[in-house]
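1. turn this into a model:
(one chain, ligands or ions: 2)
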Amino acid sequence: MKITKLTTYRLAPRWMFLKIETDAGITGWGEPVIEGKARSVEAAVHEFEPYLIGQDPSRINDLWQVMYRGGFYRGGAILMSAIAGIDQALWDIKGKALGVPVYELLGGLVRDKMKMYSWVGGDRPADVIADIKRLREGGFDTFKMNGSEEMGLIDSAAKVDAAVGRIAEIRAAFGFDIEFGIDFHGRIGAPMAKVMLRELEPYRPLFVEEPVLAEQDETYARLAAHTSIPLAAGERMYSRFEFKRVFQGGGLSIVQPDLSHAGGITECMKIAGMAEAYDVALAPHCPLGPIALAACLQVDFVSHNAVLQEQSMGIHYNKGGELLDYVLNKDDFHIEGGYILPLPKPGLGVEVDEARVIEASKTAPDWRNPLWRHADGSVAEW
Ligand SMILES: O=C(O)C(=O)C[C@@H](O)[C@H](O)CO
Ligand SMILES: [Mg+2]
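-> Ligands and ions are numbered 1, 2, ... in the order given. Just a heads-up that it's a prediction; the model follows:
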């Protein structure tokens with residue numbers, strides 16, 4: 001079998017799908033994208049074409065190494081997201097060619113169902129109580145929300161109290177019958193992270209995510225020494241070589257590699273294994289589309305230390321497109337009681353509605369995250 005064509009489709013809400021065709025008529029789909037830089041990733045995918053056209057798609061490991069090492073420069077959000085989507089599509093082809101789901105090629109199921117969580121609130125975490133109530137009726141008992149709005153490197157007790165007050169309201173409304181992660185989203189710098197973690201202790205969140213920006217990953221261990229709250233990060237780390245430093249330095253209880261940013265299934269399987277060796281839990285990041293989620297699930301269902309899976313149903317970013325809009329086999333994404341079952345079909349398990357994808361790609365938005373500024377006019381982390 002030979003790779004014959006790569007086609008990319010940017011489409012609402014902020015996703016990009018990649019279709020890889022072969023001379024055997026088997027097609028694989030991937031989701032290479034960086035939110036807000038889809039065009040850059042699209043260019044990167046097509047710059048990899050000369051390494052892929054005419055090659056045997058079953059040689060995923062060799063093609064991965066060629067893409068990673070063959071161009072001298074390596075790593076980073078754009079190139080690793082391009083490799084991620086190509087890798088996903090190659091695994092999709094392999095599974096379809098052999099007639100089995102990818103998790104069978106990775107050694108088979110370690111669990112019968114996978115725990116999911118739902119986002120509540122938006123960019124500015126306002127009223128999450130109503131969201132939690134609604135989603136609990138749908139069977140979810142685990143949630144995630146932004147922990148604060150803009151936060152200065154040093155900020156006021158009032159700002160801290162406003163952020164912590166929202167968490168206190170959740171516990172007052174639901175007690176400890178629900179679990180939630182608090183995403184600091186990199187908005188809180190190292191000085192205030194210590195303050196916030198101390199004030200959040202009594203409310204026992206399941207985890208705090210991106211307690212500082214990935215570029216301050218040496219801080220994780222220092223923060224972990226000050227709090228019992230499990231710390232999580234990983235969506236802005238792009239290879240096992242970045243995660244290596246975090247495992248060695250310590251401090252993270254949960255790693256959240258993104259299957260569409262960190263080199264795909266091939267790379268995230270290696271990250272998952274490294275995490276297990278350090279007794280670190282795996283909770284893949286996935287605020288994206290169905291192919292990205294399907295790739296996450298393939299890794300979740302074969303990784304002993306996978307504990308939680310993010311999914312984007314109802315997420316505040318999904319304006320103009322919802323998780324399963326471009327999926328024909330919607331029923332296979334069977335979520336019940338906050339768990340999802342393994343996707344049964346060969347490959348990644350997603351039957352893409354290609355006609356709808358092509359149509360949607362004609363009006364693809366150039367999504368960008370908002371640019372926030374502090375009261376003094378300086379740029380604020382979003
Ligand atoms: O889902 C998460 O944990 C996020 O922090 C969302 C963030 O990754 C946005 O997708 C960036 O545009
Ligand atoms: Mg996050």
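
2. where along the stretch 101-250 of the chain do the helices fall?
-> 102-105, 128-137, 157-174, 190-200, 219-224, 240-249 (DSSP state H, counting those that start in this stretch).

3. mind putting those in TSV, distance to Asp331, mean neighbour count and mean pLDDT included?
-> Any C-beta I mention is one placed from the backbone N, CA and C, and that applies to glycine too. Putting the helices of the stretch 101-250 of the chain into TSV (distance: least, Cβ to Cβ, whole Å; neighbours: other Cβ atoms under 10 Å; pLDDT from 0 to 100) gives the following:
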stretch	distance to Asp331	mean neighbour count	mean pLDDT
helix 102-105	19	21	98
helix 128-137	20	16	94
helix 157-174	31	16	96
helix 190-200	39	19	98
helix 219-224	40	19	98
helix 240-249	35	16	97
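
4. what would these look like in TSV with distance to ligand 1?
-> Putting those into TSV (distance: least, Cβ to the nearest ligand atom, whole Å) gives the following:
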stretch	distance to ligand 1
helix 102-105	23
helix 128-137	15
helix 157-174	16
helix 190-200	16
helix 219-224	16
helix 240-249	16
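
5. out of those, nearest to Ser361?
-> Nearest to Ser361, of all these, is helix 102-105, at 25.2 Å by Cβ to Cβ.

6. what about the helix of greatest length in the chain, average pLDDT?
-> When the chain is parsed with DSSP state H, its longest helix is helix 77-98. Mean pLDDT, helix 77-98: 99.

7. which other helices and strands does that helix contact?
-> Packing partners of helix 77-98 (3 or more Cβ pairs under 8 Å, 6 or more residues apart in numbering; DSSP states H and E): strand 15-22, strand 27-30, helix 38-47, helix 60-69, helix 102-105, helix 264-277, helix 290-300.

8. how about a cut-off of 7 Å?
-> On a contact count with 3 or more Cβ pairs under 7 Å, 6 or more residues apart in numbering; DSSP states H and E, helix 77-98 meets strand 15-22, strand 27-30, helix 38-47, helix 60-69, helix 102-105, helix 264-277.

9. tell me the most buried of the ones you listed?
-> Mean neighbour count, computed with mean count of other Cβ atoms under 10 Å, is highest for strand 27-30 among the helices and strands packed on helix 77-98, reaching a mean of 26.

10. let's see it as PDB, backbone CA atoms only.
-> Output of strand 27-30 as PDB, limited to C-alpha atoms (Å, rounded to 0.1, in the frame of the first residue of the first chain):
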ATOM      1  CA  THR A  27      -8.400   6.500   3.800                       C
ATOM      2  CA  GLY A  28      -7.200   7.700   7.200                       C
ATOM      3  CA  TRP A  29      -8.300  10.800   9.100                       C
ATOM      4  CA  GLY A  30      -6.400  12.900  11.600                       C
END
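
11. so the closest residue to ligand 1 within the stretch 201-350 of the chain, which state does it fall into?
-> The minimum distance from the stretch 201-350 of the chain to ligand 1, using Cβ to the nearest ligand atom, falls at Pro287 (3.6 Å). Secondary structure state of Pro287, per DSSP: H, G, I helix; E, B strand; the rest coil, is coil.

12. over to it: give its phi and psi.
-> With angles defined as degrees, to the nearest 10, Pro287 sits at phi -90, psi 20.
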